[in-house]
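[1] Can you look at this prediction? I've put the sequence above it.
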Amino acid sequence: MTSLSTSTTGAGKSAVPLNPDKAIRIQRANEYPHEVWFFLACLIALVAVSRLLSFVCSKVSRHNGLSSQDPEKSSSHSKAVVNFRNLPLALINLFRVVAFRFTLDFGSYSLNLTEVILTLMYMAALFTWTFINTTNVSGGKFDVSYWSNRAGALIASQIPLITALGTKNNIITFITGVPYEKLNYLHRMAARVVFVLVWVHAGAKVSSKDPDELDQTWLRCGILAASSLTSLCIISVRPVRSRAYEFFFYTHLVLVLLFLVGAYRHSEEFSYQTYVWPSFVIWGVDRIVRVFRLVVFNHSYFGFGSGAGTALDATTELLTPKCVRLTLKRPPHFKWAPGQVAYLITPGVSSLPFESHPFTIASYDSQMSLKEITSSAASTDSDLNSTPTTSSYWKELVFLINVQEGFTKRLGDIAARKGSVKVYIDGPYGCSHNSNLHDTIVLIAGGTGVSHTLPILLNTIEGVQNGKSACKRVTFIWCIRDSRNINWISSVLAKALSITPDSLKVDVRIFVTGSDVPDLGYELPEATPSTSSVGCAQTPVSEKAPKTIAFGNQCDDLIENFPSLSSLAPFRSVTMMQGRPSLATLLQGEAEETRGGSMWVTVCGSRSIASAVRKGLRFPVAGPSTLLRGGATVSLHVESFGYA
Ligand SMILES: Cc1cc2nc3c(=O)[nH]c(=O)nc-3n(C[C@H](O)[C@H](O)[C@H](O)COP(=O)(O)OP(=O)(O)OC[C@H]3O[C@@H](n4cnc5c(N)ncnc54)[C@H](O)[C@@H]3O)c2cc1C
Ligand SMILES: NC(=O)c1ccc[n+]([C@@H]2O[C@H](COP(=O)([O-])OP(=O)(O)OC[C@H]3O[C@@H](n4cnc5c(N)ncnc54)[C@H](OP(=O)(O)O)[C@@H]3O)[C@@H](O)[C@H]2O)c1
């Protein structure tokens, strides 16, 4: 490109530097995308360092908590004196509360402060770099020729970032440790900000273009890219994603391809295509990794190894009318951490090609041998040792699947016949937690959210058994609408409790929230307000005070009529209550118990339950004044289907 242009002046043509602005604006249009990237790289590095620091702090706080024999620990929060040695922990907890537990709610949309700040920063960065230094040499402010092409360059520069944020195997997750599903919000947000910038760029061009230029391929490609991105942003809104996911999925795929091809050809005209082609590489690498995993984990389907075609036959059972348990033998190289997710591809059940559905792996990848697992079950329930579905929670892949309208409904029909289905498995994906670092673990689940918390419980028990975890207490809170849902995991819970070492206190609290308690075929004792150990009479959900059955008591009638509870009967540590729990009160109690140590809370369920937990872990529970007085360090993980 040149700053010289030719013009006809009076007597003839002469080459004169007519446009002194040109060199300046080209130089800025080339330089500013680099500056934006430098800024984004610093932000990514900052996140990586913060997560590392947070990890180190958890380790340090655990060490302090374990070694400290401070008598202050046992005194109550209000009496304890301020100890400024706890200042770093107090500040970290303050940051966690402010950054992740305060949310801005817009209808059904909820953003935490980190998401809000990142959105504002990203918008500010792109628009500032678009519009700064746009005064031309004659003093004209916001000269369109300065910012319109620069906006185009900035758009092109953001395409690889948006692509990376939307893929499952991406470098940002690798660097920062933030799981891909948490990055998905940023993928959508960045795409929407760029969409606005595309129309700023296009609007400026429309007003200044000669209509003849519409013949030009590069311009037509720009229009194709802009309209594809616009359609993408429209079909990606949540109502479309939640009502017609498959429609969203396929149109997204086609529109992204059109957008990338259009953007590449358009930016080639200005030599900015080097920003666009990496997106094809990023997308391609993600696909290659996924295909590679598919082949490795499902190789028997492809005719390699023994037992071709049979290894990934999954069994299905309809545990309750709305819940399918799908169990499949783990592929030999498939390893996963508690809380991770796998995509199930079941061509026999799906209606469309390439259909895959994510489900949390409800089982635990145990290091124990099958013999150890079956023999370690206490003599409390001889059935457990002979029930393959129970031991499969320690060895095989188990999924608890909520029956909805599409794929899961068809799966439910198969499960009703106890049919088997062929499954290809892609994964595992998502975060892996290091729950071994904490003194207290509080696991909170709503409905099928238990598929996230159950493997963490099994992992903690095994970690304490083999000395890898110093956890002392686990409180397992599970809210279900229908008491029959206990059936989903009752035998696994019983087995887990039977192998729990004495050094670990496991407290299981099940809350049945449905106002419409089904006829279970048994009479429950009347609830008495003075005691929390009897009764489960029908209680309107609005009466939030829970009524309790404590297992290990005289629940013979109940158990006789409701056999799935029999396995839990010997355990006094299991309680069943009716009504929603007051999560804030429960969490406050847990934090008090953990004074001087570290407490980790994880919640998986609806938005409502997640928001109740966030609220319960703000101030004063995890506030600086509590921490300075020796209160527990509290970390929280919220698992949700937020990105879908
Ligand atoms: C990370 C993650 C973990 C999950 N874990 C579980 C689990 O352990 N147990 C469980 O029951 N469900 C889980 N889900 C939800 C489960 O993936 C969907 O309920 C299932 O795919 C719905 O299929 P369907 O065709 O019957 O849905 P539909 O009835 O068509 O739609 C129901 C809902 O599921 C969403 N959905 C549909 N297809 C997909 C898809 N391919 N990917 C993502 N969302 C989709 C829709 O947007 C809609 O909100 C998880 C989802 C995510 C994102
Ligand atoms: N990995 C993941 O991200 C993952 C995995 C599995 C499931 N999930 C999510 O988990 C949810 C489970 O859905 P589901 O249909 O299986 O369950 P469900 O039938 O909706 O049950 C949820 C339970 O949680 C209770 N609950 C809701 N808000 C609460 C609050 N604020 N305090 C206390 N209890 C509360 C409900 O009580 P009420 O009856 O009073 O409402 C109900 O008992 C879904 O939203 C799903 O997206 C996520």
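    Done, it's in. Numbers count the residues shown, from 1 in each chain. Ligands and ions are numbered 1, 2, ... in the order given.
[2] Pop out the phi and psi values for the closest residue to residue 116 other than its chain neighbours.
    Nearest non-adjacent residue to residue 116, counting by Cβ to Cβ, 6 or more residues apart in numbering: residue 104, 5.8 Å away. Where C-beta positions appear, they are placed from N, C-alpha and C, glycine not excepted. Residue 104 adopts backbone torsions of phi -110, psi 120, taken as degrees, to the nearest 10.
[3] burial measure for residue 104, as a count.
    A count of nearby residues for residue 104, using other Cβ atoms under 10 Å, gives 11.
[4] List the buried residues for stretch 459-479?
    Neighbour counts over stretch 459-479 (16 or more other Cβ atoms under 10 Å) mark 459-465, 469-479 as buried.
[5] The residues you listed in strands, which ones?
    Judged by DSSP state E, strands contain the following of those: 473-479.
[6] What ranges does the stretch 101-250 of the chain have for its helices?
    113-131, 144-166, 171-176, 180-208, 217-235, 238-243, 245-268 (DSSP state H, counting those that start in this stretch).
[7] List the contacts of the closest residue to ligand 2 within the stretch 201-350 of the chain.
    Using Cβ to the nearest ligand atom, the single residue of the stretch 201-350 of the chain nearest to ligand 2 is residue 341, 6.0 Å away. Neighbour list for residue 341: 181, 358-361, 427-430 [criterion: Cβ atoms under 8 Å, 6 or more residues apart in numbering].
[8] now swap in residue 173 and tell me
    Contacts of residue 173 by Cβ under 8 Å, 6+ apart are 179-180, 183.
[9] One more: residue 235?
    247-248, 251-252, 255.
[10] Now with 10 Å, please.
    241, 244, 247-252, 255 (Cβ atoms under 10 Å, 6 or more residues apart in numbering).
[11] Just the buried subset of the residues you listed, please.
    Here, 16+ other Cβ under 10 Å leaves 241, 248, 251-252, 255 buried among these.
[12] Can I get those in CSV including distance to residue 391 and pLDDT?
    Formatted as CSV, the buried ones among the contacts of residue 235 follow (distance: Cβ to Cβ, whole Å; pLDDT from 0 to 100):
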residue, distance to residue 391, pLDDT
241, 38, 91
248, 39, 94
251, 44, 96
252, 41, 96
255, 47, 97
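[13] and of these, the nearest to ligand 1?
    residue 241 (5.1 Å).
[14] My understanding was that the closest one contacts residue 247; is that so?
    Yes: if you go by Cβ atoms under 10 Å, residue 241 and residue 247 touch, sitting 9.3 Å apart.
[15] got CSV for the contacts of residue 173, with distance to residue 586, pLDDT and neighbour count too?
    Formatted as CSV, these follow (distance: Cβ to Cβ, whole Å; pLDDT from 0 to 100; neighbours: other Cβ atoms under 10 Å):
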residue, distance to residue 586, pLDDT, neighbour count
179, 27, 87, 18
180, 31, 88, 22
183, 31, 92, 21
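[16] Run a quick check on residue 312 versus residue 298, I expect a contact.
    Yes: contact criterion Cβ under 10 Å: residue 312 and residue 298 qualify, at 5.9 Å.
[17] Could you tell me which residues touch both of these two?
    331, 345, 422-425.
[18] Near ligand 1, which residues of the chain are found?
    By the rule Cβ under 6 Å from any ligand atom, the part of the chain lying against ligand 1 is 181, 241-242, 245, 341, 357-360, 400-402, 404-409, 448, 451, 641, 644.
[19] Going through the residues you listed, which ones are buried?
    Judged by 16+ other Cβ under 10 Å, buried ones among the residues of the chain next to ligand 1: 181, 241, 341, 357-360, 400-401, 406-408, 448, 451.
[20] farthest-separated two in the residues you listed?
    Across those, the longest distance by Cβ to Cβ is 22.7 Å; it joins 241 and 400.
[21] Can you say which of the helices of the stretch 101-250 of the chain is packed in most?
    Of these, the one with the most neighbours on average (mean count of other Cβ atoms under 10 Å) is helix 144-166, at a mean of 23.
[22] Which neighbouring elements make contact with that helix?
    helix 21-67, helix 113-131, helix 171-176, helix 180-208, helix 217-235, helix 245-268, helix 273-297 (3 or more Cβ pairs under 10 Å, 6 or more residues apart in numbering; DSSP states H and E).
[23] Recalculate using a threshold of 6 Å.
    When contacts are defined as 3 or more Cβ pairs under 6 Å, 6 or more residues apart in numbering; DSSP states H and E, helix 144-166 packs onto helix 21-67, helix 113-131, helix 180-208, helix 273-297.
[24] Tell me which of those helices sits nearest to ligand 2.
    Relative to ligand 2, the nearest member of the helices and strands packed on helix 144-166 by Cβ to the nearest ligand atom is helix 180-208, separated by 7.8 Å.
[25] what about the closest one and ligand 2, any contact?
    No: using Cβ under 6 Å from any ligand atom, helix 180-208 never reaches ligand 2; the gap is at least 7.8 Å.
[26] Report the angle between that helix and helix 217-235.
    Computed by axes from the mean of the first three to the mean of the last three Cα atoms, to 10 degrees, the angle separating helix 180-208 from helix 217-235 equals 130 degrees.
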